[in-house]
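**Q** okay, structure incoming, though there's no sequence with it:
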């Protein structure tokens, strides 16, 4: 039977090789993109933030509030892009053999916080080893752990969607921003909520620890921060859709070119 259809088996082997190559290229694109964002945050955002918080005159203006909102946006952009790629990856190639993605994400997460810490030390000075081990390292491990927890929640959400569907590409590419009939959009909403929910939780714990607002100014700041966290859900929804669509359409174009070249 195999001898009667040699071209068929050759095509299947080539297609498998093509998929593997495209998967590696997609992962490489994601890794480069997320690494650039990580370096930018550490090299630019962290030093500027330390400079702002150490200047008394600037702290009395509205600039720190605006900067903090922008800083949070750049920070959670890391998660939005990662969730977009995760959904695209599982929908396009399934949930099996995705170890390379998790290894890439985990490695960049560790590098991300180490780079931020190093950038802050370059500005304010390096602490004693005893201070680093007792103060900085525990918070560093907690931050890394929280990032991994966010990704695990995202994996569970995407896996639950993919696992119960035969056609995992159903609803792709996204044609409408809001469509109750498109199942992928519900997944995108859930993914966009994850970073915002954790930020809100951390703010609530922080405010309970400090005792809440001490005046009208503090109250307005609190309202602004909480509102920005809630608005980030909507922004994250659009960002995840944008990147996921871009990832998907790029692969579809590559497959069309591949099929066209084999028809010639």
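**A** Great, that's in hand. This is a predicted model, so every value here is computed, not measured. Residues are numbered from 1 along each chain as shown.

**Q** how about residue 81: what's its closest non-neighbour residue?
**A** Excluding its sequence neighbours, the residue lying closest to residue 81 (CB to CB, 6 or more residues apart in numbering) is residue 243, at 5.5 Å. C-beta here means a position set from N, CA and C on the backbone, and glycine is covered the same way.

**Q** quick check: mean pLDDT of the longest helix belonging to the chain?
**A** With secondary structure taken from DSSP state H, the chain has its longest helix at helix 216-263. Helix 216-263 shows a mean pLDDT of 80 in the predicted model.

**Q** run through the neighbouring helices and strands of it.
**A** helix 6-40, helix 63-93, helix 183-210 (3 or more CB pairs under 8 Å, 6 or more residues apart in numbering; DSSP states H and E).

**Q** quickly note the distance from the residue nearest in space to the middle of the chain to residue 72.
**A** In the chain, the centroid-proximal residue (CA atoms, centre = their mean) is residue 79; its distance is 1.9 Å. According to CB to CB, to the nearest Å, residue 79 and residue 72 sit 11 Å apart.

**Q** for residue 197, same thing?
**A** Taking CB to CB, one finds residue 197 at 14 Å from residue 72.

**Q** pick out whichever of the two has more residues nearby.
**A** Neighbour totals were compared for residue 197 and residue 72, and residue 72 leads with 17 against 14 (other CB atoms under 10 Å).

**Q** tell me the contacts of that one?
**A** Residues near residue 72 by CB atoms under 8 Å, 6 or more residues apart in numbering: 199, 228, 229, 232.

**Q** which non-adjacent residue is nearest the first one?
**A** Just to be clear, that refers to residue 199. Closest residue in space to residue 199, ignoring its immediate chain neighbours: residue 229 at 4.8 Å, by CB to CB, 6+ apart.

**Q** export the contacts of residue 72 to JSON lines and tack on neighbour count and distance to residue 116?
**A** Below are the contacts of residue 72 laid out as JSON lines (neighbours: other CB atoms under 10 Å; distance: CB to CB, whole Å):
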{"residue": "199", "neighbour count": "19", "distance to residue 116": "17"}
{"residue": "228", "neighbour count": "18", "distance to residue 116": "21"}
{"residue": "229", "neighbour count": "21", "distance to residue 116": "20"}
{"residue": "232", "neighbour count": "23", "distance to residue 116": "20"}
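
**Q** next, format these as a markdown table and append distance to residue 62.
**A** Conversion of those to a markdown table gives the following (distance: CB to CB, whole Å):
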| residue | distance to residue 62 |
| --- | --- |
| 199 | 21 |
| 228 | 14 |
| 229 | 18 |
| 232 | 19 |
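
**Q** just give me the closest of the residues you listed to residue 209.
**A** Compare each of the contacts of residue 72 with residue 209 using CB to CB and the shortest gap goes to residue 199, at 15.6 Å.

**Q** correct me if wrong: that closest one contacts residue 230.
**A** No: applying CB atoms under 8 Å as the test, residue 199 and residue 230 come out as separate, 9.7 Å apart.
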